[in-house]
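Participant: My questions concern the predicted model and sequence given below.
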Amino acid sequence: MFATSPARSFFVNRLLSRGFAHKSCVMTASAFIGYLGPPGTYSQQAVTQHFGREQDSNGRYAFVPLQTIADCFVALKNGRVAFAVVPFSNSTNGAVNLTYDLLRTADPRPSVIARIDVPVAHCVLASPATIKQIDKQGESTIKRIYSHPQVWTQCTRYLSEHFVGAEQIDQNSTALAAQLASTEANTIAIASIAACDTATVDVYRPNIQDVEGNYTRFLVLEPYLDGQVPCELDKWVEEELQKS
Ligand SMILES: O=C(O)C(=O)Cc1ccccc1
């Protein structure tokens, strides 16, 4: 039987419609989906929300964690991945500037084939030892907070009252921040609860974002094909880029 799950038929139809593969090839090929990793990021949640679980029973697609948003664009351009999923904007603090810049300067600009809204609830995460230390000696023992640059202005209220003496240090992603915090003393991370599955950290405080309904909008990109006519999503992205 051909293309049964929604995610699989979506992927298969895209490949076929773009002439990447004959039906018989698609049945045995893998498609790689690039996203900002490591596993445990909000980007990975966007990938799962859109494509379903990693690899169907026949292993026809696989998720590829990449180190930066720029790497997602490079991997798409050089054919390492068939799709890239990148954060685009947030309901609380607007544009993800890195993605906006990369979309503005990409030549040709990748095509936008889907938009995914992912609820974003931030947690303070730390190693079990660091949580014990905070409980015993107080929040002032924390010297560093790691997170993705997009996060700080989504948690202004909490951060104005907690860990005020700590330095806020940007990392490429929230899940990387959690990994680093798991091994460094006097350090916490702000990340998704999903990062607890991929780093040795626990939740110190959940839901520290300013706005309850905070969400981030992600784009699914694929390479631009010569002569391709812009779709509605391409036009929408162009308008958003011009607004900012
Ligand atoms: O770092 C992540 O987890 C990302 O996927 C980027 C991001 C950061 C903060 C909110 C939404 C997406």
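Facilitator: Structure's in. What do you need? What you see is a predicted model; the values in this text were computed from it and never measured.
Participant: gap between the residue nearest the centre of the chain and Ser91?
Facilitator: In the chain, the centroid-proximal residue (CA atoms, centre = their mean) is Ser43; its distance is 1.8 Å. Applying CB to CB, to the nearest Å, the value for Ser43 to Ser91 is 16 Å. No exception for glycine: its C-beta is placed from N, CA and C like everyone else's.
Participant: Any residue of the host helix or strand of Arg115 touching the ligand?
Facilitator: Secondary structure from DSSP states H and E places Arg115 in strand 111-119. No: taking CB under 6 Å from any ligand atom as the criterion, strand 111-119 and the ligand are apart, separated by no less than 7.3 Å.
Participant: For that strand, name the packing helices and strands.
Facilitator: In terms of contacts (3 or more CB pairs under 8 Å, 6 or more residues apart in numbering; DSSP states H and E), strand 111-119 is packed against helix 42-51, strand 83-90, strand 215-222, helix 232-243.
Participant: which one of those lies closest to Pro206?
Facilitator: Counting by CB to CB, Pro206 lies closest to helix 42-51 out of the helices and strands packed on strand 111-119; the figure is 14.9 Å.
Participant: re the thing from before, the strand holding Arg115 vs helix 42-51, what angle?
Facilitator: 110 degrees (axes from the mean of the first three to the mean of the last three CA atoms, to 10 degrees).
Participant: what ranges do the strands span in the chain?
Facilitator: Remark: strands assigned in the chain by DSSP state E are 31-36, 61-66, 83-90, 94-95, 111-119, 123-126, 144-147, 167-170, 187-191, 202-205, 215-222.
Participant: Tabulate the ones you listed (a markdown table), appending mean neighbour count and mean pLDDT.
Facilitator: Listed next are the strands of the chain as a markdown table, based on neighbours: other CB atoms under 10 Å; pLDDT from 0 to 100:
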| stretch | mean neighbour count | mean pLDDT |
| --- | --- | --- |
| strand 31-36 | 24 | 95 |
| strand 61-66 | 20 | 92 |
| strand 83-90 | 25 | 97 |
| strand 94-95 | 16 | 96 |
| strand 111-119 | 18 | 97 |
| strand 123-126 | 28 | 98 |
| strand 144-147 | 24 | 98 |
| strand 167-170 | 13 | 98 |
| strand 187-191 | 29 | 98 |
| strand 202-205 | 16 | 98 |
| strand 215-222 | 22 | 98 |
